[in-house]
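Enquirer: Could you look at this predicted model? Sequence included:
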There are 2 protein chains.
Amino acid sequence: MARVATGESVLSRAVRILAVFGPEERALRVSDIAARTGLHVATASRLVAEMVSHGLLTREDDRRVRVGVRLWELAMRASPTLSLREAAMPFLEDLHAVVGHHAQIGVLDGADVLFVERLSAPGAVVNYTRIAGRLPLHASSSGLVLLAHASHELQEQVLAGPLVRYTAATIDTPARLRRTLADIRRDGYAHCPGFIHDEALGVAVPVTDGTRAVVAAVAVIVPNDPADPGAGRAVVPALRAAARGISRILSR
Amino acid sequence: MARVATGESVLSRAVRILAVFGPEERALRVSDIAARTGLHVATASRLVAEMVSHGLLTREDDRRVRVGVRLWELAMRASPTLSLREAAMPFLEDLHAVVGHHAQIGVLDGADVLFVERLSAPGAVVNYTRIAGRLPLHASSSGLVLLAHASHELQEQVLAGPLVRYTAATIDTPARLRRTLADIRRDGYAHCPGFIHDEALGVAVPVTDGTRAVVAAVAVIVPNDPADPGAGRAVVPALRAAARGISRILSR
């Protein structure tokens, strides 16, 4: 990455520093942070020190730096996702208890689905989503549900591609994506055997708020049985019941 | 609050802006933000605009400002609380299913307990904790468990007061607090009938990591029956089982 232009703001640099942390990079040295952001080590070091003083980052005994509890607290206390998460949790728990494997809820953010909550059983089928993780809209069952109810502009943007392939089953042509979105609007659910991983099947339905606008997608991930690709449809009634429950709470 | 000294950093001001949002103040006008932070309206307006451009804040159609999804994502992706939360969730679910009412997990942060997860039943007894909410250590069952295993320095600091009273039952003398902490270390749990609210009874036990250090407290909140103040002790075995399960996952 290029060195930072001198005019870049402190806030912009701080956001770039936060963005280098992730599920696989929870603890980083200042030199790693400098390398990954393109900031000079002295600049990164000074800014990290200030972020530590505010609790946005925290320094371990071994001098490695992590995201701070204070940042989490600031983000969560008035979180835009917290009310959705709290509305969804009892229904996700029930869904998870009945279906097993993974139950999750995601929202549209930019051209991605951003997952705000996930419940997983130990030993459940592979699932690429994480809490606060993202997937492209065309590839995941939650993303397809959100895209099917998104603005015309966003639909055209995604249809214009690129439609990245994860497996041989991923939707990778605009014609098939257009047809799938129409099917989802007609049927009320997305059914995605092996779209992200050969062994996983995602099924998702929309969640609406008090104005009937689609604000989230709730999904389950179950094993994909190539001999019986329709199997996941059995979970649709349970998913619909959960989505109705969440919608009812959100409409209050 | 006093006007800001000219030398205050942008980052410090940004943190102060984020800190004015809370569960009851999820959407604020720029003028409210200026009033609550003590920043000039022009300064607040400029900084809010920059924070919106980075997704740290978001502006609604009515011009009110909220915490942005991007801030939540940055805080959550590498969150220091996420691994604890993920380890705890299956056990909290079981605890919640068996005990009903509220099951929660909190960590020590400064001189507070910070709650990282909570599961609540609809219609459960009153509970003052929230996710990302705080309570003082001397007043809550989770806080007392954490304080009982905290450093000598922190214990002396809390014992030196003030010991804020929530109800007639709240611990409000250093002698009683010292005795209670010794009881908790001996018995392995805190039992707090009506300490925070007359109608609620908190029971908490410690969670340890691989080094046997106490890293969290897991608690349930059940109705407080003044005719039977010992009632909550029946949940201690279930709490201990949950804490052992969480500790086992954390020790891997």
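Expert: It's in.

Enquirer: Show me which helix runs longest in chain A.
Expert: Longest helix in chain A by number of residues (criterion: DSSP state H): helix A:82-99.

Enquirer: helices and strands around the helix or strand that that one is followed by, which ones?
Expert: Next helix or strand after helix A:82-99 toward the C-terminus (DSSP states H and E): strand A:102-109. Packing contacts for strand A:102-109, counted by 3 or more CB pairs under 8 Å, 6 or more residues apart in numbering or on different chains; DSSP states H and E, involve helix A:82-99, strand A:112-120, helix A:141-148, strand A:214-223, helix B:69-77. Bear in mind the C-beta positions are built from the backbone N, C-alpha and C, glycine included.

Enquirer: what's the most buried one of the ones you listed?
Expert: Of all the helices and strands packed on strand A:102-109, helix A:141-148 has the most neighbours on average by mean count of other CB atoms under 10 Å in any protein chain shown, namely a mean of 29.

Enquirer: now what about that helix, what contacts it?
Expert: A:104-108, A:112-113, A:115, A:129, A:135-138, A:154-155, A:158, A:171, A:180-182, A:184-185, A:189-192, A:195, A:202-206, A:214, A:216-219 (CB atoms under 8 Å, 6 or more residues apart in numbering or on different chains).

Enquirer: again with stretch A:206-219
Expert: A:84, A:88, A:91-92, A:95, A:103-107, A:113, A:116, A:140-143, A:145-146, A:148-149, A:188, A:190, A:202-205, A:239, A:242-243, A:246-247, A:250-252.

Enquirer: Kindly recompute the last result at 6 Å.
Expert: The contact list for stretch A:206-219, computed with CB atoms under 6 Å, 6 or more residues apart in numbering or on different chains, reads A:84, A:104-107, A:141-142, A:145-146, A:149, A:202, A:204, A:242-243, A:246-247, A:250-251.

Enquirer: Any of those buried? List them.
Expert: Among the contacts of stretch A:206-219, the ones that count as buried by 16 or more other CB atoms under 10 Å in any protein chain shown are A:84, A:104-107, A:141-142, A:145-146, A:149, A:202, A:204, A:242-243, A:246-247, A:250.

Enquirer: Where does A:L250 sit, in terms of helix or strand?
Expert: helix A:236-251.

Enquirer: Just confirm yes or no for that helix near chain B.
Expert: No. Using CB under 6 Å from any CB of the partner chain, helix A:236-251 never reaches chain B; the gap is at least 9.3 Å.

Enquirer: Return the list of helices and strands in contact with that helix.
Expert: helix A:82-99, strand A:200-208 (3 or more CB pairs under 6 Å, 6 or more residues apart in numbering or on different chains; DSSP states H and E).

Enquirer: If I average pLDDT within each of those, which one is lowest?
Expert: Comparing mean pLDDT across the helices and strands packed on helix A:236-251, the lowest value falls on helix A:82-99: a mean of 83.

Enquirer: how big is the angle separating that helix from strand A:102-109?
Expert: Orientation of helix A:82-99 against strand A:102-109 (axes from the mean of the first three to the mean of the last three CA atoms, to 10 degrees) gives an angle of 150 degrees.

Enquirer: can you count the residues close to the residue of the stretch 101-250 of chain A found nearest chain B?
Expert: Using CB to the nearest CB, the closest approach of the stretch 101-250 of chain A to chain B is made by A:A132 at 3.5 Å. A:A132: 24 surrounding residues under other CB atoms under 10 Å in any protein chain shown.

Enquirer: ok, it - contacts?
Expert: Counting by CB under 6 Å, 6+ apart, A:A132 has contacts B:73, B:76-77.

Enquirer: Show me what from chain A comes close to chain B.
Expert: A:10-11, A:14-15, A:18, A:21-22, A:26, A:50, A:54, A:66-67, A:69, A:71-81, A:109, A:132.

Enquirer: Point out where chain A drops to low pLDDT.
Expert: Scanning chain A for pLDDT under 70 picks out the ranges A:1-7, A:80, A:122-125, A:128, A:229.

Enquirer: Please parse it into its domains.
Expert: Listed by automatic domain parsing, the domain ranges of chain A are A:10-75, A:82-251.

Enquirer: what about A:H138, is that helix, strand or coil?
Expert: For A:H138, the assignment made with DSSP: H, G, I helix; E, B strand; the rest coil gives coil.

Enquirer: Please name the residues that touch it.
Expert: A:H138 touches A:158, A:163, A:171, A:177, counting by CB under 6 Å, 6+ apart.

Enquirer: Kindly recompute the last result at 8 Å.
Expert: Contacts for A:H138 were tallied using CB under 8 Å, 6+ apart; they are A:144, A:147, A:158, A:163-164, A:170-171, A:177.

Enquirer: same thing with A:H149?
Expert: A:185, A:206, A:214 are the contacts of A:H149 under CB under 8 Å, 6+ apart.

Enquirer: I'd like the residues you listed as a markdown table, with distance to B:G232 appended.
Expert: A markdown table is the format used below for those (distance: CB to CB, whole Å):
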| residue | distance to B:G232 |
| --- | --- |
| A:R185 | 51 |
| A:P206 | 42 |
| A:V214 | 43 |
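
Enquirer: circling back to that earlier point, and the domains of chain A as CSV, adding distance to B:P223?
Expert: Converted to CSV, the domains of chain A look like this (distance: least, CB to CB, whole Å):
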stretch, distance to B:P223
domain A:10-75, 29
domain A:82-251, 19
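
Enquirer: Quickly find the element holding the residue sitting furthest away from the middle of chain A.
Expert: Ranked by distance from the centre of chain A (CA atoms, centre = their mean), the top residue is A:A42, with 34.0 Å. Using DSSP H and E, A:A42 sits in helix A:41-53.
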